[in-house]
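In: The following block contains a protein sequence and its predicted model.
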Amino acid sequence: MIAELLAAGLIGCAANDTTVVLQGVTVSGQRQNDYQMRTSQSTIQVGHDYLQQHFAGSLMQTLEGIPGVKAMSIGSGQSKPTIRGLGFNRLAVSEDGVKHEGQQWGDDHGLEIDQFSIDRAEVIKGPAALLYGSDAIGGVLSLYTNHVPTEPLSGHVQLFGRSNNDQIGVAAKLGGRLGKWFYRLGGTLIDYADYRVPTDSIQYYSYWIKLKDGRLRNTAGCERDGHVMLGYAGYNFHSDIRISDSYSKSGFFANAHGLEVRLSNIDYDCSARDIDLPYQWVNHLKVLSHTTWQNGQWFVEGNLAWQNNVREEHSEPVSHGYMPTPDGTLERRFVKNTFTGNLAFRVALGHHELRSGISGEVQHNRRDGWGFIIPDFETQSAGLYVMDRWTLSSQLILNAGMRYDHAHTHINSYHDWYKTPSASGEQIYMERSTDLNRYFNSFTWSAGVNYTTGLWVVKANIGKSFRVPIPKEMGADGINYHIFRYERGNANLDPEESYQIDASVSWTGDVVELQVEPYLNYFPNYIYLSPTSQYVEGLQLYNYTQAHVLRYGVEAQLTWHMTPRWDLHMQGEYLYARQKSGDKKGYTLPFSTPWRSDVTLRYKYQWHGEGTISMNAHIVGRQDEIVPPEKPTDGYWTLNLAATKQFDLGNSKLNIALHADNLLNRRYYDHTSYYRLIDVPEPGRNVSMMVGIEF
C-alpha cells in the first residue's frame with residue numbers, strides 16, 4: 001500500500017524516522033493513544049498551528065504552556081528552556097536530529113534558533129541519555145524544520161508585534177517541490193525596544209534606581225535569521241542539506257552591570273530602541289546534512305553537522321580590583337566550533353524492533369577580551385547504544401537499552417593580563433585556570449513498558465543517565481555581571497549521574513481527557529553553583545560543588561469538553577528537591593521552581609472559518625524552599641486572554657492570533673529569574689498580535 005501511494009505521488013518522504021506527509025487521505029482511530037504508545041517516556045508533541053497560535057515572543061515562552069516546561073527568562077527577548085526544573089546542560093536541544101550546540105553555559109542569552117522556521121516540536125520529559133548522550137539527563141526538546149513541500153510552490157508570511165517592548169517583526173518561508181527534488185528558504189527580522197515593568201523604581205544594593213516611563217533601560221534588541229534547504233526525496237532514499245544562520249544583539253540592563261553606570265556619559269533614556277553599552281551579540285551558523293535509506297525492514301539514518309557559535313560582550317572599560325582601565329569595549333568573546341556525526345540503524349525482526357547507533361562530537365572554544373570567566377577548551381566525545389522494542393501485543397510493548405560513552409576535556413591555562421600582589425607582596429600575573437585533562441567514561445541503561453486498554457494508556461520507565469561536567473563548571477573563575485555573582489569552578493568534579501523512575505497514566509474520552517505524570521530521580525553527585533556568604537569585587541561568590549540530591553514531582557492535566565464549543569482545561573505541577581549531603585544538606589536547590597497551575601476556559605466558534613477565544617488564570621505558589629542566602633519569593637497570579645481566527649481565502653488561509661498577558665498589569669517576581677536578585681519584577685501588561693497568510 002505504501003509503495004502504491006508513493007508511486008502515485010500521494011506520499012512524500014520526510015527527513016525524520018517514519019513520518020510521512022499524506023495528501024487527500026483520511027486516517028481514523030485513537031491517534032493520541034497511538035502516539036503515546038511510541039515510547040515509555042512522557043512525551044508531548046505540538047505542531048505548526050500550536051506554535052503559531054501560542055506565539056509569545058521567544059520560542060521557550062511559546063512552549064511554556066506545556067506541563068513541566070518553563071522558560072527561564074532574561075529580559076524580554078531572551079529565554080532558556082527548562083524541563084521539570086532542569087535546564088542548560090541538563091537538557092538537550094535537538095534540531096532535525098542533531099544536538100544544538102550553542103554556549104549553554106551562558107545564562108543570559110536564548111536559543112540561537114529561528115522559532116518561525118520550526119514545523120513541530122516534541123518535548124521528552126525525563127532522562128533521554130540513551131539516545132542523546134550527555135546533556136539529556138533532564139529531558140530533550142526536539143525541534144523539526146524538515147517538512148517536505150508537496151506543491152510546486154507554497155509558503156507563508158507572518159507579521160507580528162508586542163506592546164510591552166514595542167516589538168515589530170516579519171517572518172517568511174517559501175518552499176516547493178519539482179519531482180523528487182525540493183527546496184525551502186526563509187528569513188525572520190525582529191526589532192524591539194526596552195521593555196516595561198509595573199514599577200517606577202527598583203532597589204539595587206540599597207541604591208534606588210529610577211526608571212523612565214517604567215522601562216528597564218538598555219534592554220532593547222534585534223534578531224536576524226535566515227535558512228535554506230535543498231533536498232532529494234526518492235522512493236527509499238532521502239537526502240538534504242541545510243544552512244541556517246541566527247544573529248541577535250541585545251542590551252544588558254545598564255544598572256545591572258554595576259553601580260559605576262552612575263558615572264557613565266551615556267544617556268540611556270534618550271531612546272528606548274537604541275542598544276548602548278553594555279550589550280552582547282550572538283551569531284550561530286549551522287550547516288547540516290541529513291540522509292536516510294530504507295530497504296524492506298532496514299532503516300538507516302546519518303547526520304553530519306558543523307556549528308559555529310560566536311558571542312561577544314561589550315561594556316564600558318572600567319577598572320575593577322587590580323585591573324587597570326582596559327583599552328576598548330570588548331569584555332568577552334567566545335568562538336565555539338562543533339563538529340557532529342551520528343549514524344543510526346533500525347530493523348524490524350518479527351515482534352522486535354532493534355535500534356543501534358553511534359555518535360561523535362568535537363568542540364573547540366577560544367576566548368578573547370579583557371574580562372575572564374571561562375578558559376579556552378577542547379572536548380571530544382563518542383557514544384554507542386543499542387535498544388530493543390518488543391511488541392508482545394497491540395496492548396503491551398516493552399523496551400530496553402544500554403549505552404556507553406567516552407569523553408575527553410582539555411582546559412587550557414590562563415593568566416591575567418595585569419599584575420596582582422601575591423601573599424609575599426610580589427607582583428605576579430595571577431593564574432585563573434590551570435592546564436587540565438580529564439577523561440570520563442559512563443555506562444547507562446533504560447527499560448520501560450507501555451500498556452493500553454480501552455481509553456487508558458499506562459507507561460513506566462526506569463533508567464540511569466549521566467552528564468559530563470562542562471568546562472565552565474571545572475574552570476570558571478570570574479564575574480558574571482549580568483547574573484550578579486562571582487563564579488568559581490571545581491577541577492575535581494565527577495560526572496553527574498541520575499537514577500530516575502517516570503510514570504504516566506492517561507485516559508482519553510470524548511468528554512474528558514486526563515493525564516497524570518509522577519516522577520522521581522536521585523543524583524548521587526548533582527553539580528550546582530552553591531551560594532556562599534563571601535563577596536568578591538562586590539558580588540556574591542558562588543562555588544561549583546556536588547551533593548546527593550533527591551527530586552520528585554508530578555504533573556497533571558484535565559480537559560473537559562463541556563459542549564462542542566466550550567472546553568475547560570486545568571493543569572498543574574509540583575516539584576520537590578532536597579540536598580542529602582554537603583554544606584547545604586537539608587536545603588533545596590538554588591532557584592527551585594515553585595508549584596504552579598493554570599485554568600483555561602476556551603470557546604470555539606465558526607464564522608467565515610474557525611476561531612477560538614480563551615481566558616486563562618495562571619497561578620504560582622510562594623517559594624519558601626530556598627538555599628541561604630537566597631530569599632523567598634511571594635506567589636502570584638495573572639489573568640491572560642487569547643484569541644485566534646482563521647479565514648479561508650480559496651487555496652490560501654489567513655491566520656490571526658492575539659494574546660494579552662498579565663491583563664491586570666500586576667507586579668510580581670519569578671523565583672527563577674536572575675533579575676529578581678536586584679528587585680526587577682516581571683514584564684507588565686503585554687499584548688501580542690500575529691497576522692499570517694499561508695499559500
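Out: Nice, I can see it. Residues are numbered from 1 along each chain as shown.
In: which residues pair with residue 190 across the strands?
Out: Beta-bridge pairing for residue 190 (DSSP bridges): residue 169, residue 223.
In: Looks like it contacts residue 247 (just checking).
Out: No. Counting by CB atoms under 8 Å, residue 190 stays clear of residue 247, with 10.6 Å between them. For the C-beta atoms, the positions are set from N, CA and C on the backbone; glycine is no exception.
In: Who has more neighbours out of those two?
Out: residue 190 (24 against 16; other CB atoms under 10 Å).
In: still on that earlier bit, what do residue 190 and residue 247 both touch?
Out: Listed as contacting both residue 190 and residue 247 by CB atoms under 8 Å, 6 or more residues apart in numbering are 223, 224.
In: give me the number of residues near residue 396?
Out: 14.
In: Likewise for the one 10 residues further on?
Out: By the other CB under 10 Å criterion, the neighbourhood of residue 406 contains 15 residues.
In: ok, it - contacts?
Out: Going by CB under 8 Å, 6+ apart, the list of residues near residue 406 reads 381, 382, 383, 439, 440, 441.
In: what helix or strand is the nearest residue to residue 507 once chain neighbours are set aside on?
Out: The shortest distance from residue 507 to any non-neighbouring residue, by CB to CB, 6 or more residues apart in numbering, is to residue 514 (4.7 Å). Secondary structure from DSSP states H and E places residue 514 in strand 512-536.
In: Quick check: next helix or strand after that strand?
Out: Next element after strand 512-536 (DSSP H and E): strand 539-561.
In: which residues touch whichever helix or strand comes after that next one?
Out: As assigned by DSSP H and E, the chain's next helix or strand after strand 539-561 is strand 566-579. The contact list for strand 566-579 (CB under 8 Å, 6+ apart) reads 67-68, 84-85, 526, 547-562, 585-589, 592-593, 595-604, 625.
In: Partner strands of strand 566-579 and their direction?
Out: strand 539-561 (antiparallel), strand 596-606 (antiparallel).
In: With mean neighbour count as added columns, please give those in a markdown table.
Out: Formatted as a markdown table, the strands paired with strand 566-579 follow (neighbours: other CB atoms under 10 Å):
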| stretch | mean neighbour count |
| --- | --- |
| strand 539-561 | 18 |
| strand 596-606 | 15 |
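In: Indicate which one of those is closest to residue 210.
Out: Residue 210 sits nearest to strand 539-561 of all the strands paired with strand 566-579, at 22.9 Å, using CB to CB.
In: Let's see the closest one as CSV, backbone CA atoms only.
Out: Only the C-alpha atoms of strand 539-561 are listed here, as CSV (Å, rounded to 0.1, in the frame of the first residue of the first chain):
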residue,chain,number,x,y,z
LEU,A,539,29.5,40.4,44.1
GLN,A,540,28.4,37.3,46.0
LEU,A,541,30.7,34.3,45.5
TYR,A,542,29.2,31.0,44.1
ASN,A,543,31.3,27.8,44.1
TYR,A,544,30.6,24.8,41.9
THR,A,545,30.1,21.8,44.1
GLN,A,546,28.4,18.3,44.2
ALA,A,547,25.9,16.8,46.5
HIS,A,548,23.4,13.9,46.8
VAL,A,549,20.1,15.2,45.7
LEU,A,550,16.6,13.7,45.7
ARG,A,551,13.9,15.2,43.4
TYR,A,552,10.4,14.1,42.8
GLY,A,553,7.3,15.7,41.4
VAL,A,554,4.1,15.3,39.5
GLU,A,555,2.3,17.0,36.5
ALA,A,556,-1.4,16.6,35.9
GLN,A,557,-3.8,18.0,33.3
LEU,A,558,-7.6,17.6,32.8
THR,A,559,-9.6,18.7,29.8
TRP,A,560,-13.4,18.8,30.0
HIS,A,561,-15.2,19.2,26.6
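In: Show residues contacting stretch 608-624.
Out: 53, 592-605, 632-648, 653, 668, 670-671.
In: same for the one helix or strand residue 287 maps to, what does it pack against?
Out: When secondary structure is defined by DSSP H and E, residue 287 falls within strand 279-295. With contacts taken as 3 or more CB pairs under 8 Å, 6 or more residues apart in numbering; DSSP states H and E, strand 279-295 sits against strand 237-251, strand 298-314.
In: and residue 421, which of those strands is closest to it?
Out: Closest approach to residue 421 among the helices and strands packed on strand 279-295 (CB to CB): strand 298-314, 27.6 Å.
In: buried residues in that closest one?
Out: 299, 301-305, 307, 309-314 (16 or more other CB atoms under 10 Å).
In: again, but for stretch 398-415
Out: So, applying 16+ other CB under 10 Å, buried residues of stretch 398-415: 398, 399, 400, 401, 402, 403, 405, 407, 409, 411, 412, 414.
In: Compile the contacts of residue 406 into JSON lines and extend it with columns for neighbour count and pLDDT.
Out: JSON lines is the format used below for the contacts of residue 406 (neighbours: other CB atoms under 10 Å; pLDDT from 0 to 100):
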{"residue": "381", "neighbour count": "19", "pLDDT": "96"}
{"residue": "382", "neighbour count": "16", "pLDDT": "96"}
{"residue": "383", "neighbour count": "23", "pLDDT": "96"}
{"residue": "439", "neighbour count": "8", "pLDDT": "97"}
{"residue": "440", "neighbour count": "18", "pLDDT": "96"}
{"residue": "441", "neighbour count": "11", "pLDDT": "94"}
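In: what sits against the closest residue to residue 461 other than its chain neighbours?
Out: Among residues not flanking residue 461 along the chain, residue 448 sits closest, at 3.6 Å (CB to CB, 6+ apart). Counting by CB under 8 Å, 6+ apart, residue 448 touches 39, 40, 41, 398, 399, 400, 459, 460, 461, 462, 463.
In: got a winner among those residues for most neighbours?
Out: Within the contacts of residue 448, neighbour counts (other CB under 10 Å) peak at residue 40, which reaches 28 neighbours.
In: Isn't that one up against residue 459?
Out: Yes. Under the criterion of CB under 8 Å, residue 40 makes contact with residue 459 at 4.9 Å.
In: shared neighbours of the two, anything?
Out: Common neighbours of residue 40 and residue 459, using CB under 8 Å, 6+ apart, are 448, 449, 450, 502.
In: ok, of those residues, which one's closest to residue 238?
Out: residue 450 (28.1 Å).
In: Just the element for the closest one, please.
Out: strand 436-453.
In: picking up where we left off before, per-residue confidence for the residue nearest to residue 461?
Out: pLDDT recorded at residue 448 is 95.
In: Please determine how far it is located from residue 126.
Out: Counting by CB to CB, to the nearest Å, the separation of residue 448 from residue 126 is 10 Å.
In: Ok, which of the helices and strands packed on strand 279-295 comes nearest residue 140?
Out: strand 298-314 (15.2 Å).
In: That closest one: how far from the chain's middle?
Out: Here strand 298-314 shows a centroid-to-chain-centroid distance of 16 Å under the convention CA atoms, centre = their mean, to the nearest Å.
In: Pretty sure residue 359 sits in a strand.
Out: Yes. Counting by DSSP: H, G, I helix; E, B strand; the rest coil, residue 359 is found in a strand.
In: any chance you could map the strands in the stretch 251-400 of the chain?
Out: For the stretch 251-400 of the chain, the strands defined by DSSP state E, counting those that start in this stretch cover 279-295, 298-314, 330-349, 352-368, 377-391, 396-411.
In: residues of stretch 181-200 that come out buried?
Out: By neighbour count with 16+ other CB under 10 Å, stretch 181-200 contains the buried residues 182, 184-188, 190-198.
In: List the beta-bridge partners for the residue nearest the centre of the chain.
Out: Centroid-nearest residue in the chain, with CA atoms, centre = their mean: residue 81, separated by 3.1 Å. On the basis of DSSP bridges, residue 81 is bridged to residue 71.
In: hang on, the earlier thing: dump the residue contacts of the residue nearest to residue 507.
Out: So residue 514 contacts 506, 507, 556, 557, 558, 559 (CB under 8 Å, 6+ apart).
In: ok, now how distant is it from residue 38?
Out: From residue 514 over to residue 38 the distance is 20 Å, taken as CB to CB.
In: Point out where the stretch 151-300 of the chain drops to low pLDDT.
Out: 205, 256-262 (pLDDT under 70).
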